[in-house]
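# sharing a sequence plus its predicted fold:
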Amino acid sequence: MGAADELLAQMRVQGAIPRHVAIIMDGNGRWARERMLPRPVGHRHGMKSVREVVEASIEAGLEVLSLFAFSQENWQRPAGEVSALMSLLEEYIQKETRELHEQGVRVVFLGDLDRLAKPARAAVDRVMALTAPNTKLILNLFISYGSRAEITRAARLLAEDVAAGRMTPAQVDEAALTGRLFTAGCPDPDLLIRTSGEMRISNFLLWQLAYTEIHISPVLWPDFGRGDLYKAILDFQSRERRFGRVSA
Ligand code: IPE
Ligand code: IPE
Ligand code: MG
């Protein structure tokens, strides 16, 4: 039994498995720099970590895995890096779709997808349609995503509904707003992991993370594997979630 298997066994006896884990996949650039390689090489290695973490999530029995892959702010990186990331997205879809589908993964892309180039957008739509009936794991991939933009969009949709007389201002409540986010219908994350030691949210799921436990891993994303995911879940299981109340 390997080290990660031992962590998995420990996790199973220690407590409940989180339903939804979200990850800010960070540190690809530093991983490449440490090796004197161009940044896109770090992104490419990061794809292997995605594969491993998806498999580990299925094995652990998560319902939802959310991965922050490309932020709205990331569009402002140098054009060469942006285009390398977009090519990797298409390559990921091309290489992984079949296996994800066979594993029963439902792949959902969330973000301002209209900004994607036509071929990338078409690939994204195809995977979503193909895997829509799958139920083993929901894999949320956040691309061209910013949480403030998501909340602003939800507010605009509510305003349109009120202006059109489909709802009254009094009906604008938390549930109505939650239902207009990209994540509508998805439980909030129980655990947020950020890799590479950074202690920031970086405009990710600001609304949905209200009571999420946060685990900062020092590991750079291209080095992050199954055992690191299980360590984070073990850490999560040791927390006492109070949701503003007092302990029992
Ligand atoms: C995360 O790695 C991947 C993306 C944000 C697309 P970075 O590219 O941010 O890597 P660092 O933070 O520069 O090391
Ligand atoms: C956050 O990482 C976005 C993704 C992981 C996709 P960044 O590296 O872009 O965030 P900052 O700039 O460190 O806040
Ligand atoms: Mg970064």
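Great, that's in hand. Ligands and ions are numbered 1, 2, ... in the order given.

# in this protein, which ranges drop under the pLDDT threshold?
Nowhere does the chain drop to pLDDT under 70.

# dihedrals phi and psi, residue 164?
phi -90, psi 0 (degrees, to the nearest 10).

# actually, residue 107.
phi -100, psi 130.

# count of neighbours near it?
23 (other CB atoms under 10 Å). The way it works is simple: take the backbone N, C-alpha and C, and place the C-beta from them, glycine included.

# before we move on, what about residue 28?
24.

# which one is it nearest to, not counting chain neighbours?
Among residues not flanking residue 28 along the chain, residue 42 sits closest, at 3.6 Å (CB to CB, 6 or more residues apart in numbering).

# you'd agree that neighbour is up against residue 223?
No - using CB atoms under 8 Å as the test, residue 42 is too far from residue 223 to be in contact (10.3 Å).

# got any residues that touch both of these two?
Counting by CB atoms under 8 Å, 6 or more residues apart in numbering, the contacts common to residue 42 and residue 223 are residue 31.

# between those two, point out the one with more neighbours.
residue 42 (21 against 17).

# pull the contacting residues for that one.
By CB under 8 Å, 6+ apart, the residues touching residue 42 are 27-33, 222.

# just the buried subset of the residues you listed, written out for PyMOL, thanks.
Remark: buried members of the contacts of residue 42, expressed as a PyMOL selection using 16 or more other CB atoms under 10 Å:
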select buried, resi 27+28+29+30+31+32+222
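
# look up phi and psi at the residue of the chain positioned farthest from its centre.
Distance from the centre of the chain peaks at residue 165, with 35.1 Å (CA atoms, centre = their mean). For residue 165, the backbone dihedrals (degrees, to the nearest 10) come out as phi 80, psi 10.

# who's in contact with it?
Per CB under 8 Å, 6+ apart, neighbours of residue 165: none.

# now tabulate the contacts of residue 42 in CSV and tack on distance to residue 201 and secondary structure.
As requested, the contacts of residue 42 are exported to CSV (distance: CB to CB, whole Å; DSSP: H, G, I helix; E, B strand; the rest coil):
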residue, distance to residue 201, secondary structure
27, 16, coil
28, 18, helix
29, 19, helix
30, 19, helix
31, 21, helix
32, 24, helix
33, 24, helix
222, 22, helix
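
# among the contacts of residue 42, which are in reach of ligand 2?
When those are checked against ligand 2 using CB under 6 Å from any ligand atom, none falls in range.

# what's the closest of the contacts of residue 42 to ligand 1?
residue 29 (2.6 Å; CB to the nearest ligand atom).

# ok, residues contacting the longest helix along the chain?
Criterion DSSP state H: the longest helix present in the chain is helix 79-102. For helix 79-102, contacts defined as CB under 8 Å, 6+ apart pick out 39-40, 43-44, 47, 50-51, 54, 69-70, 74-75, 77, 107, 116-117, 119-120, 123-124, 126-127, 130-131, 134, 139, 143.
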